[in-house]
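Colleague: Structure here, sequence nowhere to be found:
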């Protein structure tokens, strides 16, 4: 019997992933309850297990303290309390007492299991987990996350997205609640932070903190805008997130069922940040109203509808991304306002000093029609501090390379092909005849 009891505890330990110490504590509480009910005493039960000998012993113990006027033990016992023990013969337990002990054991195990689940998923709040669609109940979808079931409420589902049985999807852990039936986990497919977590999974530079996601604006199922910043001057944040031939961002788009993702370069200059946030539209100027935390954007007439977007989506997401109110005007509208004296008085963004223009080595290589590795070697020979084709160089350094390779006009390929005439006349005078 002792061996079977130990085997049962070991099996529970493996199945429920509960420590043996916690199981023993649960069994002791169950046996104490059964013992007190069976014998009408206030003694506790202590269990002693010898795994080597496969033997279990039970001891009834009584605290040597004065009872309360009601004849019960005090609720709080002193630290130095002494106990009187005697061994119990388990054969003396009746069938009812054994059944009570079993019920208490199972109840305590369920409670311990629920507490473990609550602690585990409370620690995973804000993470993206892979789940499997299990069933649908009304408008709610139930997702299996390992050995527990999470709820995907209707208001956290991407509009128009269908969920098939067995389908594997990424979900964002939104909330963990305690209920009478155990912990209830709420997950989301619409939360903006889900986009953050997907980039962490797909882009190593984001996971390692080299590339930082500054802000996310999202309309689930339609479009998202993500502002990124690099903490390493040699790493292009947009290129890292896009990946080779767009593989990284495409994996995120596929996971979001075709939701478009615009990756924007973050800029500490608000005006430049606003211009980038309104991409793919190209805007001409930005007028900032610092006090109102708002901006007026002037777009070329042919770019106005693109800047606004379908049903105002582009400008709405840009405003969410930057955190400023945006009012878009076409050049013609702005000119009319200025002429009528109705244009808001504010300092134009163009008046702020512009940062030195920079470009990537591979961009210059593409422009010149040369291999990136050759250009890297040339720049290093000219004492320019770069490490790879993704390094940035200034406009002055780019001009130096152009002058060095082209002499001012044409491409290197044209020079090699002889399509551009090369003046070989020197300043030396011809010898007199």
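Modeller: That came in fine, so what should we check first? This structure is a prediction, so every number in the text was calculated from the model and none was measured.
Colleague: Which parts of the stretch 51-200 of the chain are helices?
Modeller: For the stretch 51-200 of the chain, the helices defined by DSSP state H, counting those that start in this stretch cover 95-122, 192-202.
Colleague: weakest of those helices in terms of mean pLDDT?
Modeller: Comparing mean pLDDT over the helices of the stretch 51-200 of the chain, the weakest stretch is helix 95-122, at a mean of 76.
Colleague: on contacts alone, who are the packing partners of it?
Modeller: On a contact count with 3 or more CB pairs under 8 Å, 6 or more residues apart in numbering; DSSP states H and E, helix 95-122 meets helix 2-16, helix 20-39, strand 168-179, strand 182-188. For glycine as for every other residue, the C-beta is placed from the backbone atoms N, C-alpha and C.
Colleague: Of all the helices of the stretch 51-200 of the chain, which one comes closest to residue 392?
Modeller: Comparison of the helices of the stretch 51-200 of the chain against residue 392 by CB to CB identifies helix 192-202 as nearest, at 22.1 Å.
Colleague: from the chain's centre, how far out does the next helix or strand after the closest one sit?
Modeller: Remark: after helix 192-202, the chain's next helix or strand is helix 204-208, criterion DSSP states H and E. Mean-position distance between helix 204-208 and its chain equals 11 Å (CA atoms, centre = their mean, to the nearest Å).
Colleague: In the stretch 201-350 of the chain, where is pLDDT below threshold?
Modeller: The stretch 201-350 of the chain contains residues with pLDDT under 70 at 342-350.
Colleague: got the residue ranges for the helices in it?
Modeller: Under DSSP H, counting those that start in this stretch, the stretch 201-350 of the chain gives helices at 204-208, 237-242, 247-255, 270-277, 304-308, 313-322, 331-340.
Colleague: quick one, which of the ones you listed is nearest to residue 15?
Modeller: Judged by CB to CB, the one of these that comes nearest to residue 15 is helix 247-255, at 33.2 Å.
Colleague: how far out from the middle of the chain is that closest one?
Modeller: 15 Å.
Colleague: Please apply the same query to stretch 275-295.
Modeller: Counting by CA atoms, centre = their mean, stretch 275-295 is centred 28 Å from the centre of its parent chain.
Colleague: what's around the residue lying closest to residue 277 once chain neighbours are set aside, how many residues?
Modeller: Excluding its sequence neighbours, the residue lying closest to residue 277 (CB to CB, 6 or more residues apart in numbering) is residue 318, at 3.9 Å. Using other CB atoms under 10 Å, residue 318 has 28 neighbouring residues.
Colleague: Please look at residue 318 and residue 280 and confirm they touch.
Modeller: No - between residue 318 and residue 280 there is no contact under CB atoms under 8 Å: 11.3 Å.
Colleague: List just the one of the helices of the stretch 201-350 of the chain that sits closest to residue 228.
Modeller: Minimum separation from residue 228 across the helices of the stretch 201-350 of the chain (CB to CB) falls at helix 237-242, 4.0 Å.
Colleague: Which helix or strand lies directly C-terminal to the helix or strand harbouring residue 374?
Modeller: Assigned by DSSP H and E, residue 374 belongs to helix 372-381. Using DSSP H and E, the next helix or strand after helix 372-381 towards the C-terminus is strand 392-394.
Colleague: Run through the residues that contact residue 46.
Modeller: Neighbouring residues of residue 46 by CB atoms under 8 Å, 6 or more residues apart in numbering: 28, 58, 59, 60, 61, 85.
Colleague: That one and residue 376: what is the separation?
Modeller: Residue 46 sits 74 Å away from residue 376, going by CB to CB, to the nearest Å.
Colleague: Residue 279 too?
Modeller: 29 Å.
Colleague: So which of those two has more stuff around it?
Modeller: With neighbours defined as other CB under 10 Å, residue 279 and residue 376 compare such that residue 376 has more, 20 against 17.
Colleague: Residue 20 - how many residues pack around it?
Modeller: Residue 20, neighbours per other CB under 10 Å, totals 14.
Colleague: swap in residue 89?
Modeller: 7.
Colleague: do you know which of the helices of the stretch 201-350 of the chain lies nearest residue 223?
Modeller: When the helices of the stretch 201-350 of the chain are compared (using CB to CB), the closest one is helix 313-322, at 6.1 Å.
Colleague: May I see the buried residues of the closest one?
Modeller: 314, 315, 316, 317, 318, 319, 320, 321, 322 (16 or more other CB atoms under 10 Å).
Colleague: Stretch 133-142 too?
Modeller: Buried residues in stretch 133-142, counted by 16+ other CB under 10 Å: 133, 134, 141, 142.
Colleague: So which of the residues you listed are in strands?
Modeller: The members of the buried residues of stretch 133-142 that map onto strands under DSSP state E are 133, 134, 141, 142.
Colleague: Distance to residue 385 and pLDDT for those residues - can I get that in a markdown table?
Modeller: Converted to a markdown table, those look like this (distance: CB to CB, whole Å; pLDDT from 0 to 100):
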| residue | distance to residue 385 | pLDDT |
| --- | --- | --- |
| 133 | 52 | 94 |
| 134 | 56 | 92 |
| 141 | 54 | 94 |
| 142 | 56 | 95 |
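Colleague: Closest one to residue 294 out of those residues, please.
Modeller: Of all those, residue 141 has the smallest distance to residue 294: 40.0 Å, by CB to CB.
Colleague: just to revisit the earlier point, a markdown table for the helices of the stretch 51-200 of the chain, including distance to residue 360 and mean neighbour count?
Modeller: Listed next are the helices of the stretch 51-200 of the chain as a markdown table, based on distance: least, CB to CB, whole Å; neighbours: other CB atoms under 10 Å:
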| stretch | distance to residue 360 | mean neighbour count |
| --- | --- | --- |
| helix 95-122 | 43 | 16 |
| helix 192-202 | 21 | 20 |
